[in-house]
Every structure is written in structure tokens, then in C-alpha cells.
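>>> my questions concern the predicted model and sequence given below.
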Amino acid sequence: MEGQELPYVLVDCIGGRIGVYEDHVGFLKKRFHLITMKEYLENKTVLSKKIRAIYMWYHKPAIDEELLQSLPNLKVVASSGVGIDHLDLKLLSSYGVKVSNTPFIVSTDTADMGMALLLASSRRLVEGHEMAVSPDTEYFPADWLGVEVSGATLGIVGMGTIGYKVAERAKAFEMKILYHNRNQRKKEEESAVGAVYCKKIDDLLQQSDFVLLAVNLTPQTHKLIGKRELELMKPTATLINISRGLIVDQDALVEALQNKVIKAAALDVTYPEPLPRDHPLLKLKNVIITPHIGSATKTTRWVMMEEMAESIEAGLAGLPVPREVLP
């Protein structure tokens with residue numbers, strides 16, 4: 001692109017808590033002229049017609065109709081991660097804007113996170129660590145026990161790329177695998193991981209020792225797991241959520257955990273994030289919560305950035321956009 005002006009791309013900010021990573025900036029600046037929201041708002045008249053793409057990191061900058069109206073030459077929005085529940089796809093499409101995400105690169109790390117939460121919860125790793133390092137600990141109780149994973153039944157709700165990778169990992173732990181999905185997997189795919197399809201989610205909930213959620217957030221999956229579903233689960237079962245917080249009715253989950261309707265929960269996602277510091281989930285011993293880090297490894301985040309840049313370049317060149325999300 002020597003001799004040509006680099007395309008203007010809007011980002012929320014650089015560095016800080018939710019900004020573009022500092023070590024990604026060099027790569028991006030070789031390809032784009034990055035404009036932060038602060039710079040844009042201070043110089044709208046000049047910049048509004050120049051910006052042709054939005055690089056959406058950590059769901060920022062937020063895109064609404066007011067922003068779309070102010071960017072007449074916007075062609076593509078590249079969003080990090082797999083979820084697109086923060087975007088109004090029909091609205092963007094009505095402005096002729098294409099959208100991409102990065103669904104495949106996150107799947108391996110997120111599946112690893114699901115198994116990590118399953119193991120940490122079953123063997124009570126967080127409680128064990130606290131006991132081991134506490135200045136008040138004088139002995140380790142012999143009756144302090146966890147739950148065996150090998151031979152247990154794992155129910156996977158959502159057998160897409162992430163769910164299937166969880167099944168591959170669970171097979172290595174000699175777990176029995178059930179799954180519920182909109183569509184049944186091919187027989188050879190089921191056989192490869194020893195998975196059994198449950199057409200009804202109720203059947204999966206009633207039989208599973210661990211229930212792992214790996215579905216996209218849609219109107220159909222919003223609060224998919226509520227009071228009724230939790231009461232169908234075994235009192236010895238653990239709920240694991242690596243998808244979105246709003247898949248679960250959080251008030252119902254608190255009640256189920258407090259009343260021992262289910263044994264435990266391990267959550268990489270909540271709503272909101274982070275939870276208010278006085279939220280009851282933070283006070284329960286039978287809950288593990290991590291800060292939505294399913295895809296948070298250096299390698300994955302770098303490849304995510306590369307894929308977003310690739311999508312922007314393709315969209316601005318009039319080529320098919322890789323990993324385009326259709327309304």
C-alpha cells in the first residue's frame with residue numbers, strides 16, 4: 001500500500017482495561033490508520049467520512065444507529081470472539097455494513113477452560129488452595145473429599161465447535177457424554193467421542209453429573225436454564241457455564257445452590273460482568289467464578305486480531321469477508 005493512504009479504522013481506545021492491546025498496535029498500524037473514539041468525537045467533521053471500518057475489541061466501541069448515521073462510508077465491522085449478541089445485525093445490514101467475528105480460533109481455549117472449571121469444581125481446587133495456604137490451618141482433614149470425574153456423565157448443551165472440543169477432552173477422562181443440540185451430529189462424529197444425543201434437554205439434565213453450557217446467546221437461549229431446569233438436575237450435579245451469563249437465570253441459580261437443589265456451579269460468565277461485590281454468588285463456597293477468560297491466551301488473542309484485520313482488508317477491497325456473520 002506504499003504511496004496510498006491507509007484506510008481509517010475506528011477503535012474504542014488503545015491500551016488500558018478494554019482497549020486494543022499495546023503489542024497489537026504495531027501490526028495494526030502497518031495496515032490501518034487507527035482512530036480512537038476520543039479522537040473521532042473531537043474531530044467528527046473531518047473524520048466521519050474517512051472511517052471505513054470499526055475494529056470492535058471487547059464489544060467496544062458500542063455501535064448504535066446514531067454512530068452508523070455519522071459514518072456514511074462504513075463498510076465493515078470486525079468483532080472479536082464468537083458471540084454477536086452485542087450487535088444489531090439487521091440494523092448494520094440496513095446500512096450496508098458487513099460484520100465478521102472470530103468463532104473458530106477461540107474454540108480450543110474455551111473448551112480447555114470448560115474442562116478446567118469442571119476439574120476445579122469437582123476436586124474443590126479453590127477451597128483446597130485456600131485451606132492449604134491459610135495461617136489458621138493446623139491439619140488437612142481426611143474426610144475433605146471431591147467428586148470423581150472418570151466414569152461420570154457429562155451433559156453438553158450446545159454441540160457446536162466448542163461443545164465438540166469439550167467432548168473430545170471429556171472422552172480422554174473416560175466420561176460418559178450426552179449432548180443436546182438443535183441438530184444431531186453425524187453418527188461418525190458421535191462415535192468418535194462416544195456421545196449420545198438427547199433430543200430433549202430434560203433427558204440430559206436428569207441424567208448428567210455435570211451439565212456444561214456451550215450455546216450462543218439468542219432469544220431462544222436467553223435464560224435457557226431456569227428454576228424448572230435446575231430442579232430437573234441431580235442434587236449431586238454441577239452446572240458449568242462457558243457461554244454467556246444470560247443463558248442462566250442467575251436468581252434461580254443462587255436459590256438452587258443455597259437450597260442444595262444442585263451441588264455446585266463453575267462459571268466463566270455472569271451478568272453483569274463483573275458482578276456487584278455484594279452479589280450472593282460471590283459468597284457461596286460451592287461456586288467458582290472466573291472473569292470471562294475462556295479465550296484469554298496470548299496466542300489466541302493475537303490470531304484473533306490477525307483475523308479481524310484480514311476481515312477488514314477483505315471487506316474494504318470488495319472481496320468476500322472471511323467469517324462473515326449474516327443477519
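Great, that's in hand.

>>> point to the residue nearest the middle of this structure.
The centre of the chain sits closest to S243, judged by CA atoms, centre = their mean, with a distance of 4.8 Å.

>>> would you agree that one is in contact with G163?
No - taking CB atoms under 8 Å as the definition, S243 is not a contact partner of G163, at 9.4 Å. For every residue, glycine as well, the C-beta is placed using N, CA and C.

>>> low pLDDT regions in this structure?
1-3 (pLDDT under 70).

>>> same thing but 90
1-4, 17-18, 58, 82-83 (pLDDT under 90).

>>> which residues are in contact with both of S243 and G163?
A214 (CB atoms under 8 Å, 6 or more residues apart in numbering).

>>> how far off centre is stretch 283-303?
How far stretch 283-303 lies from its chain's middle: 9 Å, per CA atoms, centre = their mean, to the nearest Å.

>>> name the residues that touch that stretch?
21, 24, 81, 102, 105-106, 108-110, 113-114, 117, 120-121, 126-127, 242, 254, 257-258, 263-270, 273-275, 281-282, 304.

>>> list only those of those flagged as buried.
24, 81, 102, 105-106, 108-110, 113-114, 117, 120-121, 126-127, 242, 254, 257, 263-270, 275, 281, 304 (16 or more other CB atoms under 10 Å).

>>> what segments of the stretch 1-150 of the chain are helices?
Using DSSP state H, counting those that start in this stretch, the helices of the stretch 1-150 of the chain run over residues 22-29, 37-42, 44-47, 65-70, 89-94, 107-122, 125-133.

>>> deepest-packed of those helices, please.
With neighbours defined as mean count of other CB atoms under 10 Å, those peak in mean count at helix 107-122, which reaches a mean of 22.

>>> P322 - how many residues pack around it?
15 (other CB atoms under 10 Å).

>>> how about E324?
With other CB under 10 Å as criterion, E324 counts 14.

>>> can you report phi and psi for it?
According to degrees, to the nearest 10, the main-chain angles of E324 amount to phi -60, psi 140.

>>> ok, now which ones touch K75?
Shown in contact with K75 (CB under 8 Å, 6+ apart): R52, A53, G96, V97, K98, G315, L316.

>>> would you mind measuring from the nearest residue to Y271 once chain neighbours are set aside to H222?
The shortest distance from Y271 to any non-neighbouring residue, by CB to CB, 6 or more residues apart in numbering, is to G245 (3.5 Å). Distance of G245 to H222, computed by CB to CB, to the nearest Å: 11 Å.

>>> these two: which has the busier surroundings?
A count of neighbours by other CB under 10 Å puts G245 above the other of G245 and H222, at 17 against 13.

>>> quick one: contacts for the more buried one?
L267, V269, T270, Y271, P272, E273.

>>> narrow those residues to those in strands?
Counted as lying in strands by DSSP state E, out of those, are L267.

>>> determine which two of the contacts of G245 are furthest apart.
L267 and P272 (12.9 Å; CB to CB).

>>> can you pull out the strands in this structure?
So, for the chain - with DSSP E - the strands run 8-11, 33-36, 51-56, 76-79, 98-100, 153-157, 176-180, 195-197, 210-213, 238-241, 264-267, 287-289.

>>> as TSV, those strands with distance to E168 would be great.
Converted to TSV, the strands of the chain look like this (distance: least, CB to CB, whole Å):
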stretch	distance to E168
strand 8-11	36
strand 33-36	38
strand 51-56	30
strand 76-79	27
strand 98-100	26
strand 153-157	11
strand 176-180	10
strand 195-197	10
strand 210-213	13
strand 238-241	16
strand 264-267	19
strand 287-289	23
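
>>> out of these, the one nearest L326 is which?
L326 lies closest to strand 98-100 among those, at 8.3 Å (CB to CB).

>>> elements contacting that closest one?
strand 76-79, helix 89-94, helix 298-316 (3 or more CB pairs under 8 Å, 6 or more residues apart in numbering; DSSP states H and E).

>>> can you tell me which of these is most buried?
strand 76-79 (a mean of 26).

>>> that one pairs with which strands?
Here strand 76-79 has these sheet partners by DSSP bridges: strand 51-56 (parallel), strand 98-100 (parallel).

>>> same list, those, but as a markdown table with distance to Q250 and mean neighbour count please.
Formatted as a markdown table, the strands paired with strand 76-79 follow (distance: least, CB to CB, whole Å; neighbours: other CB atoms under 10 Å):
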| stretch | distance to Q250 | mean neighbour count |
| --- | --- | --- |
| strand 51-56 | 26 | 24 |
| strand 98-100 | 28 | 23 |
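
>>> if we can go back for a sec, closest to K60 among the contacts of G245?
For those, the nearest to K60 is E273 (13.4 Å; CB to CB).
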